[in-house]
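K.L.:
Need coordinates for the following:
(one chain, ligands or ions: 1)
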Amino acid sequence: MPGAAADLWAEMRACRKCLEAGYEITPGAVFSGPAPTPLMLVGQAPGVTEAQVKRPFNASSGTRLFQWLAEAGLDEDQFRRSFYMTAVTKCYPGKHPGGKGDRRPTRAEQKLCRPFLDREIQLVRPKVMLAVGGLAIETLLERKLRLTDAVGQVFEHEGRYVLPLPHPSGASLWPNQPENQVRLQRALRILRDDLVPLL
Ligand code: SF4
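P.N.:
The predicted structure follows:
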């Protein structure tokens, strides 16, 4: 299996499919962690600093994410060493044309990158998946769900537990609403009490 993982990671790093299809991404897939491992975190796509240093959730959204995970008893350094981190699309998609945050990868880019995500899941074989943000939630659960209906619940899907979390980017105001704070706290309690003991 280590050979299969190394082959996949080399293919992901070398991939230019979205660029060749005309999307102005910054090529160079961003992901980290061992395979197999019982927990896999999936975000939307890396940001600009993540693309520079090739480390998922490296900047301010990572600070916020790991503050949340600390409330569930998960330490950042240990998390990064022990668990797999990736995204629905692996390359930096560039700024949103409106200037607010990064561009959401198009359906076509998601489709181009989907085989990599499927192969990562096969290699990592997670028991628990953290879906961070609307696009990751929709991708992992294969249906559209409002964030307000998803965060605070755990889903069983294809033999794994999927726990939705909001995106920790400063561009998202969703987690700041008091009623959404309650949903987020419920999700973190589920992670701490029900899911971490499975790892
Ligand atoms: S986002 Fe995925 S499919 Fe697109 S170039 Fe990067 S690795 Fe390849």
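
K.L.:
all helices for this structure, in order.
P.N.:
For the chain, the helices defined by DSSP state H occupy 2-14, 17-20, 48-53, 60-71, 76-82, 107-124, 134-141, 147-150, 178-190.

K.L.:
and Leu41, how far is that from Gly62?
P.N.:
Note on Leu41: its distance to Gly62, by Cβ to Cβ, to the nearest Å, is 11 Å. The C-beta positions use only the backbone N, C-alpha and C, and glycine is treated the same way.

K.L.:
Identify the contacts common to the two.
P.N.:
Pro56 (Cβ atoms under 8 Å, 6 or more residues apart in numbering).

K.L.:
Give me the more crowded residue out of these two.
P.N.:
Higher neighbour count among Leu41 and Gly62: Leu41, with 26 against 20, using other Cβ atoms under 10 Å.

K.L.:
quick one: contacts for that one?
P.N.:
Pro56, Phe83, Tyr84, Met85, Thr86, Met129, Leu130, Val132.

K.L.:
swap in Lys54?
P.N.:
By Cβ under 8 Å, 6+ apart, the residues touching Lys54 are Gly28, Val30, Ser32.

K.L.:
so what pLDDT did the nearest residue to Phe116 once chain neighbours are set aside get?
P.N.:
Nearest residue to Phe116 in three dimensions, chain neighbours excluded: Met12, at 5.4 Å (Cβ to Cβ, 6 or more residues apart in numbering). For Met12, the model assigns a pLDDT of 98.

K.L.:
number of nearby residues for Met12?
P.N.:
Neighbour count for Met12, taken as other Cβ under 10 Å: 20.

K.L.:
do Asp77 as well
P.N.:
8.

K.L.:
separation between it and Thr37?
P.N.:
From Asp77 over to Thr37 (counting by Cβ to Cβ), the distance is 15 Å.

K.L.:
that older thread, a markdown table for the contacts of Lys54, including neighbour count?
P.N.:
Output for the contacts of Lys54, formatted as a markdown table (neighbours: other Cβ atoms under 10 Å):
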| residue | neighbour count |
| --- | --- |
| Gly28 | 17 |
| Val30 | 27 |
| Ser32 | 18 |
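
K.L.:
All good on my end, thank you.
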